[in-house]
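Student: no sequence on this one, just coordinates:
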């Protein structure tokens with residue numbers, strides 16, 4: 001038994017010891033707040049000083065502590081906390097101090113030594129900080145088990161306790177399928193129960209509330225759940241946040257549907273605000289550009305993105321790139337993630353205005369690339385043609401590959417072409433045929449270029465035939481840029497030529513010239529021998545020959561009865577006033593045979609008129 005006087009003396013020494021330790025702790029804490037470079041620390045302070053911790057610091061495996069036992073100095077010494085959280089001390093054996101503060105650990109050890117000493121005097125302080133071992137799971141780029149250092153790696157006093165953001169960055173950042181509003185920190189308590197701390201990192205991003213950046217403890221598990229709904233406005237902002245997957249990280253995506261070169265691509269992203277050499281953010285538009293741009297059949301209002309989460313579930317959402325191009329809504333040009341599948345659908349209906357605008361955006365197919373199109377119907381030379389941006393035949397410079405340019409290459413429209421019902425037939429990526437109706441008459445009336453759409457590779461342009469020719473419109477159509485400049489007409493019979501000029505059966509006339517003007521131009525109108533009665537012989541596009549007997553009215557306007565419009569390669573036979581009409585006609589046609597390009601055409605005409613037998617051309 002200790003005497004009363006000795007007890008008082010020991011108690012006084014204990015208080016003195018505790019007071020001294022407090023002074024040392026306060027001095028150390030003040031020194032720990034020095035934030036300047038090493039040179040700002042007084043020379044008397046050693047560079048290898050012991051780190052100090054706050055009152056709330058909890059001990060864990062790997063920590064190295066110094067225990068002073070004033071009652072038994074021989075029992076003092078350094079101890080490293082074992083992986084199971086224990087230290088082994090003389091007399092009292094194993095003591096579990098994991099998760100305890102320094103004060104709690106001191107009280108526990110004093111309580112154990114109380115069996116051997118009446119007034120134990122024990123003090124503990126930190127010599128080195130052990131690392132934390134944590135687990136990350138869920139929507140992180142590299143979930144797994146990590147060891148995080150708790151020592152300040154700089155040359156300043158103190159420790160650096162790992163936080164939630166440290167663990168997230170160590171795991172490669174939150175993916176674009178992660179829900180930053182409900183990040184969980186799961187912590188095992190000494191009782192065995194699990195404490196769950198829910199953190200809103202979106203609030204941290206918006207307000208800078210540091211309370212959301214939880215300080216971690218050894219054994220914590222961080223879980224980032226998968227989002228259930230996509231908010232495009234938030235998603236773009238989160239994608240460039242510090243705790244997101246590094247924006248410069250290359251990512252492999254697939255793009256399918258209405259693009260020039262569907263397939264798999266690697267996008268190298270970067271924030272242009274931070275690095276001027278950056279290729280730009282890894283967005284949907286950049287992916288489309290890598291794939292050669294959209295086709296003219298694309299519907300960019302419903303671009304679909306399919307994204308696989310870490311749990312294997314699929315998240316599907318849509319972006320409206322048309323809205324992006326109309327009002328600059330950057331949220332629609334969302335940032336893509338590793339493994340994304342971007343699908344560009346086919347437009348169900350053709351919007352000529354939208355097609356024209358899209359063809360000149362940054363995601364359009366390169367318009368300088370040649371494209372082969374087919375032009376059929378009522379044009380002078382139907383067939384396939386290659387449209388180029390610079391076409392020496394048309395002497396055009398940087399002209400767009402439009403409908404009217406294709407018609408020009410095909411020799412222009414015929415007078416019977418129906419400009420109101422022109423069609424573009426286009427095969428989509430899905431293999432279906434898309435029909436686009438074009439009104440070229442509207443182009444002539446208003447100058448609206450949306451009615452002269454750009455053609456795509458493989459398009460078929462169909463120019464239908466008009467059933468009734470409107471004379472008032474014929475003149476206007478004849479002056480259009482996609483009408484032939486001239487046409488060839490043959491005039492044979494009595495009076496062709498004049499006394500001073502040789503016969504001119506082959507005439508080069510403006511397009512849509514009426515028959516009366518052709519007869520006058522040929523010099524065949526001779527009141528002495530020629531009458532107003534003529535035969536109009538026409539080789540039709542289907543290979544048949546047609547004949548029309550007309551009484552020309554030289555005073556009438558254009559009409560189908562007395563003054564119709566002529567077509568290219570029409571033949572006008574002037575009837576005679578005498579009785580040798582057939583002989584003279586045959587002689588006139590025979591004299592002109594060498595001037596008609598195709599002898600087959602002459603044979604068809606002669607057979608039709610009955611001048612030769614046993615021929616069938618209809």
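Tutor: Thanks, I have it. Values in this document were obtained by computation on a predicted structure and should not be read as measured data. Residues are numbered from 1 along each chain as shown.
Student: Check the burial of residue 68 by counting its neighbours.
Tutor: The number of residues packed around residue 68, counting by other C-beta atoms under 10 Å, is 15. No exception for glycine: its C-beta is placed from N, CA and C like everyone else's.
Student: Now do whichever strand in the chain runs longest: which elements does it pack against?
Tutor: When the chain is parsed with DSSP state E, its longest strand is strand 530-539. In terms of contacts (3 or more C-beta pairs under 8 Å, 6 or more residues apart in numbering; DSSP states H and E), strand 530-539 is packed against helix 515-522, strand 545-551, strand 571-576, helix 599-609.
Student: Straight-line length of stretch 438-451, end to end?
Tutor: The stretch stretch 438-451 measures 6 Å between its terminal residues, going by C-alpha to C-alpha, to the nearest Å.
Student: In it, which residues are buried?
Tutor: Within stretch 438-451, the residues that qualify as buried are 438-444, 450-451, counting by 16 or more other C-beta atoms under 10 Å.
Student: Could you look up the SS state of residue 205?
Tutor: helix (DSSP: H, G, I helix; E, B strand; the rest coil).
Student: What pLDDT is listed against it?
Tutor: What the model reports as pLDDT for residue 205 is 87.
Student: State the distance from it to residue 183.
Tutor: Per C-beta to C-beta, to the nearest Å, residue 205 is found 12 Å from residue 183.
Student: right, and the helix or strand after the lowest-mean-pLDDT helix or strand in the chain?
Tutor: Sorted by mean pLDDT, DSSP states H and E, the helices and strands of the chain end with helix 4-32, the least confident at a mean of 39. Downstream of helix 4-32, the first helix or strand assigned by DSSP states H and E is strand 64-69.
Student: Let me see the mean pLDDT of that following strand.
Tutor: 88.
Student: Show the subsequent helix or strand relative to it.
Tutor: Scanning forward in sequence from strand 64-69, with DSSP H and E defining helices and strands, the next element found is strand 77-80.
Student: Pull up the pairing partners for that next one, direction included.
Tutor: According to DSSP bridges, the neighbouring strands of strand 77-80, each with its direction, are strand 64-69 (antiparallel).
Student: In stretch 354-371, which residues are buried?
Tutor: By 16+ other C-beta under 10 Å, the buried positions in stretch 354-371 come out as 354-356, 358-359, 361, 363-365, 367, 371.
Student: contacting residues around it?
Tutor: 260, 285, 288-289, 292-296, 298, 300, 321-322, 325, 386-389, 400-401, 449-450, 453-459 (C-beta atoms under 8 Å, 6 or more residues apart in numbering).
Student: list the contacts for residue 63?
Tutor: Shown here is residue 63, whose contacts under the criterion C-beta under 8 Å, 6+ apart are 80-81, 126, 128-130.
Student: got it, and residue 301?
Tutor: Under the criterion of C-beta under 8 Å, 6+ apart, the contact list for residue 301 reads 320-323.
Student: One more: residue 100?
Tutor: By C-beta under 8 Å, 6+ apart, the contact set of residue 100 is 58-59, 108.
Student: same check, this time on residue 221
Tutor: Neighbouring residues of residue 221 by C-beta under 8 Å, 6+ apart: 134-137, 184-187.
Student: rerun at 7 Å
Tutor: Residue 221 makes contacts with 134-135, 137, 186, as judged by C-beta atoms under 7 Å, 6 or more residues apart in numbering.
Student: Only whichever of the contacts of stretch 354-371 are buried, select them in ChimeraX.
Tutor: Command for ChimeraX that selects the buried part of the contacts of stretch 354-371, burial taken from 16+ other C-beta under 10 Å:
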select :260,285,288,289,292,293,294,295,296,298,300,321,322,325,387,388,389,400,401,450,453,454,455,456,457,459
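Student: Give me the subset of the contacts of stretch 354-371 lying in helices.
Tutor: When the contacts of stretch 354-371 are checked against helices using DSSP state H, the ones located there are 285, 288-289, 321-322, 325.
Student: ok, now how distant is the nearest residue to residue 81 once chain neighbours are set aside from residue 234?
Tutor: Closest residue in space to residue 81, ignoring its immediate chain neighbours: residue 63 at 4.8 Å, by C-beta to C-beta, 6 or more residues apart in numbering. As defined by C-beta to C-beta, residue 63 lies at a distance of 40 Å from residue 234.
Student: Is it correct that residue 266 falls within a strand?
Tutor: Yes. Assignment of residue 266 by three-state DSSP places it within a strand.
Student: That one against residue 254, yeah?
Tutor: No. Residue 266 is beyond contact range of residue 254, at 10.9 Å (criterion: C-beta atoms under 7 Å).
Student: And these two? Which one has more around it.
Tutor: residue 254 (16 against 11).
Student: Parallel or antiparallel, list what pairs with the helix or strand containing the more buried one.
Tutor: Here residue 254, judged by DSSP H and E, is contained in strand 251-257. Partner strands and pairing direction for strand 251-257 (DSSP bridges) are strand 263-267 (antiparallel), strand 341-344 (parallel).
Student: Compare those and give me the one nearest residue 426.
Tutor: Distance to residue 426, taken as C-beta to C-beta, is lowest for strand 341-344 among the strands paired with strand 251-257, at 15.0 Å.
Student: Mind listing residues that contact the closest one?
Tutor: With contacts defined as C-beta under 7 Å, 6+ apart, strand 341-344 is touched by 253-259, 284, 287, 294, 298, 303-306.
Student: which of those has the most neighbours?
Tutor: Within those, residue 303 tops the neighbour count with 29 neighbours, counted by other C-beta under 10 Å.
Student: who's in contact with it?
Tutor: Contacts here follow C-beta under 7 Å, 6+ apart; on that basis residue 303 touches 284, 318-319, 321, 342, 344.
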